[in-house]
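> have a look at this prediction, sequence included:
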Amino acid sequence: MSTKENAVTEVSEVGLPEDLARADLYGLIARFFHLPPDQELLDQIAATADQQEVAEDAPLAKAWMNLVEVAKNNPAQAWRDEFDANFISVGKPNVILNGSFYMAGHLNERPLVNIRKALEEFGLESAEEVTETEDHISSLCEVMRYLIAGDDVEISNLTNQRIFFNEHIRPWYDELCDAIEGTPEMHLYHPVAALTREFLAIEGQSFDMI
C-alpha cells in the first residue's frame, strides 16, 4: 500500500511502544503471506529464542516461540517450496489468501469493492509492484500497520483501526487460519497461522473494549 502522495513502508517512530509492536507484528504477518521468508528474516526470528520468557498463560508468546523453532530448523528453500505449492497455483491453490473468497464464496466479489472504497477514503492505493488484490491478507495487514503507525492522525487513529479491522479482517481470518492448519501438505505455515490467529483475536478483544 502507498499513499497517493508518498509511499508508506516504514513504521513511524512516533506513538506508544505497544502500538509500534502491534504495527511490527502486522508487518511481519503481511511479509509471511506476501512472500516466503528469506534466510535473513528466518535468522532474525530464530535469534529471538533466547530473549523470550514464555508464561503459561500467554498464548501469543507460545505461538511466537513455536514460530521461532520452525524458523530455526527449516531453511528458506523449504519455506519457498511450501509457499509456492500451497498459495500459488495455475488453478485453485490449496489455500486462498483473499477475503472475498471467505466472505462471499468467490474472488473479486463485493468485499473487495468495499475494501477499495475504504482505501480510497484513506487516500491509499496499491503500489505498482503489488500484484495481489486489496483483499489479500498481506495487503490488509499492511493497511492496519499504516493505520497504527502512520503520521496523519486524521487517518491513522484507533477509530479507523477498529472499523477497518471489524469490517475487512475479523469476519474471515479464523477461516483462513483453519484452512492453513487443515492442509496436510503444509507444516511450516501452521505456526504462522497460529500466531496470526492469536494476535488478531487479541486485536478483536481490544477493539471490543473501546
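Received the coordinates, thanks.
> can you map out the helices along the protein?
Ranges of helices in the chain, per DSSP state H, are 17-34, 39-46, 59-73, 76-87, 99-104, 110-122, 137-149, 158-168, 173-181, 190-208.
> dump those to a markdown table, plus mean neighbour count, distance to P93 and mean pLDDT.
From N, CA and C alone the C-beta is placed, and that goes for glycine too. Converted to a markdown table, the helices of the chain look like this (neighbours: other CB atoms under 10 Å; distance: least, CB to CB, whole Å; pLDDT from 0 to 100):
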| stretch | mean neighbour count | distance to P93 | mean pLDDT |
| --- | --- | --- | --- |
| helix 17-34 | 19 | 12 | 93 |
| helix 39-46 | 15 | 22 | 96 |
| helix 59-73 | 18 | 21 | 94 |
| helix 76-87 | 16 | 5 | 97 |
| helix 99-104 | 21 | 10 | 95 |
| helix 110-122 | 16 | 17 | 94 |
| helix 137-149 | 25 | 13 | 96 |
| helix 158-168 | 17 | 21 | 97 |
| helix 173-181 | 19 | 10 | 98 |
| helix 190-208 | 19 | 15 | 96 |
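> for those helices, give me TSV that also has distance to T131.
Below are the helices of the chain laid out as TSV (distance: least, CB to CB, whole Å):
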stretch	distance to T131
helix 17-34	10
helix 39-46	20
helix 59-73	25
helix 76-87	13
helix 99-104	16
helix 110-122	15
helix 137-149	10
helix 158-168	19
helix 173-181	19
helix 190-208	20
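> give me the nearest residue to L60, chain neighbours excluded.
Among residues not flanking L60 along the chain, E198 sits closest, at 4.5 Å (CB to CB, 6 or more residues apart in numbering).
> so that neighbour touches P59, yeah?
Yes - assessed by CB atoms under 8 Å, E198 is found in contact with P59 at 5.0 Å.
> still on that earlier bit, which residues are in contact with the residue nearest to L60?
P59, L60, A63 (CB atoms under 8 Å, 6 or more residues apart in numbering).
> what about the last one, distance to E109?
A63 sits at a distance of 31 Å from E109 (criterion: CB to CB, to the nearest Å).
> the first one now?
Note on P59: its distance to E109, by CB to CB, is 32 Å.
> how about Q77?
35 Å.
> chain center to stretch 109-119, what's the gap?
18 Å (CA atoms, centre = their mean, to the nearest Å).
> what's that stretch in contact with?
For stretch 109-119, using CB under 8 Å, 6+ apart, the contacting residues are 1, 98-100, 103-104, 125, 133-135, 140, 143, 164, 167-168.
> with just CA atoms, put it into PDB.
Extracted in PDB, the C-alpha atoms of stretch 109-119 (Å, rounded to 0.1, in the frame of the first residue of the first chain):
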ATOM      1  CA  GLU A 109     -16.700 -10.000  -5.100                       C
ATOM      2  CA  ARG A 110     -18.400  -7.200  -3.100                       C
ATOM      3  CA  PRO A 111     -16.000  -7.400  -0.100                       C
ATOM      4  CA  LEU A 112     -13.200  -6.300  -2.500                       C
ATOM      5  CA  VAL A 113     -15.200  -3.400  -3.700                       C
ATOM      6  CA  ASN A 114     -15.900  -2.400  -0.100                       C
ATOM      7  CA  ILE A 115     -12.200  -2.500   0.800                       C
ATOM      8  CA  ARG A 116     -11.300  -0.400  -2.200                       C
ATOM      9  CA  LYS A 117     -13.800   2.200  -1.200                       C
ATOM     10  CA  ALA A 118     -12.300   2.300   2.300                       C
ATOM     11  CA  LEU A 119      -8.800   2.600   1.000                       C
END
